[in-house]
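>>> coords please:
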Amino acid sequence: MFPMRIGGFIGSAVVAVLVGVSSPAVAADAPSVRARSAYVVDSTGTIHFGKRETKRAPVASLVKIMTAYVVLREARLSDTIKITATDVRYAASGGAATAGLRAGERFTVRDLLYALMLPSGADAANALARRYGPGKTAFVAKMNRTAHDLGLADTRYTNADGMPTPANGGYSTAVDQARLAYRALGSGTFMTVVGKETHKVAKTAVHRAHTWRNTNKLLSRADGVLGVKTGYTRAAGYCLLFAGERNGRLVVGVLLGESADDRRFTTAERLLDHAGRQITLA
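Sure thing, here's the model as predicted:
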């Protein structure tokens, strides 16, 4: 398990977030939230917003947070993975986001984590799952076992990237995703990756030059934002898991099922500010 250190936030404070949850009363001055589900909680366990936060729903590429979490528990950042034609074909099918990887290229795990989390590359997800299952079926089993161990009782994974599957689709809840975010942010490497707006890898003998840009626009739109991940499929809608520091506390929020791309970032910014005001008044 990662040591639970997030800037000035130490594990004992985060434990409160990982235990039971009750639906909060929404403050009168809370921002309007049109997403189907929403949840905002800080590192003391104080809940600042909730809306159908325990309803199971697809979470699209938020799935990649668990992918990164499992990889970081097993891999060395210096491990090298060769991209296969299967990785590339998988990402090219079904409209998945890609990191533009090509068959035959070799990358360190560190760089593939950026390819996974910034442009949300399904090609990177496929390569990582294939290596650290080993095999995708075994990797998904690890994801579900980890979810169970973390107490994410309303979460089920069917792949490493969050794309829809023909049957038995995966799901989670806003509460479970917030709990997972607190765990993942306990890794300094994870926190560094998701907080980067752009990551560049120079051309080498084993891969082309790549520039990966973060799809999380909140990083450039609000102060104190730490990440974490965007997602979209037709079934899931626009999703966003976000984290920021407000008045000495780590605030994590989740929006699932938003109908407009840009509105999720505007709403997240308002929810962070709302949590900040409530913390000040506490």
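>>> pLDDT score assigned to N168?
N168 is assigned a pLDDT of 67 by the prediction.
>>> Skip the chain neighbours and tell me the closest residue to P31.
R270 (3.8 Å; CB to CB, 6 or more residues apart in numbering). Backbone N, C-alpha and C define where each C-beta goes, glycine included.
>>> whoops, K136 was the one
Using CB to CB, 6+ apart, the nearest residue to K136 is A129, at 4.7 Å.
>>> Where does pLDDT dip in this structure?
Applying pLDDT under 70 to the chain flags the ranges 1-26, 28, 167-168.
>>> ok, which stretches of it are strands?
For the chain, strands defined by DSSP state E occupy the ranges 5-6, 9-10, 37-42, 47-51, 80-82, 106-108, 198-201, 210-213, 225-233, 237-246, 249-258.
>>> closest to D154 out of these?
D154 sits nearest to strand 37-42 of all those, at 11.3 Å, using CB to CB.
>>> Against which helices or strands is the closest one packed?
strand 47-51, helix 174-184, strand 249-258, helix 261-281 (3 or more CB pairs under 8 Å, 6 or more residues apart in numbering; DSSP states H and E).
>>> A141 is in contact with the residue nearest to K136, correct?
No. Contact criterion CB atoms under 8 Å: A129 and A141 do not qualify, at 10.7 Å.
>>> Comparing the two, which residue is more hemmed in?
A129 (26 against 13; other CB atoms under 10 Å).
>>> And the more buried one, how far from G100?
For A129, the distance to G100 equals 18 Å [CB to CB, to the nearest Å].
>>> What of V225?
For V225, the distance to G100 - CB to CB - is 26 Å.
>>> Likewise for L241?
24 Å.
>>> more crowded one of those two?
Taking other CB under 10 Å, L241 and G100 do not tie; L241 has more neighbours (28 against 16).
>>> Contacts only, for the more buried one.
62, 65, 177-178, 181, 228-229, 231, 252-255 (CB atoms under 8 Å, 6 or more residues apart in numbering).
>>> What residues are bridge-paired with the nearest residue to it once chain neighbours are set aside?
Once flanking residues are discounted, L241 sits nearest to V228: 4.6 Å by CB to CB, 6+ apart. Counting by DSSP bridges, V228 is bridged to F242.
>>> Count the residues that sit near V228.
Counted with other CB under 10 Å, V228 comes out at 31.
>>> Surely it and N216 touch.
Yes. Under the criterion of CB under 8 Å, V228 makes contact with N216 at 7.4 Å.
>>> Now list whatever residues contact both of those two.
194, 242.
>>> Just the buried residues of stretch 199-212, please?
199, 201, 207, 210, 212 (16 or more other CB atoms under 10 Å).
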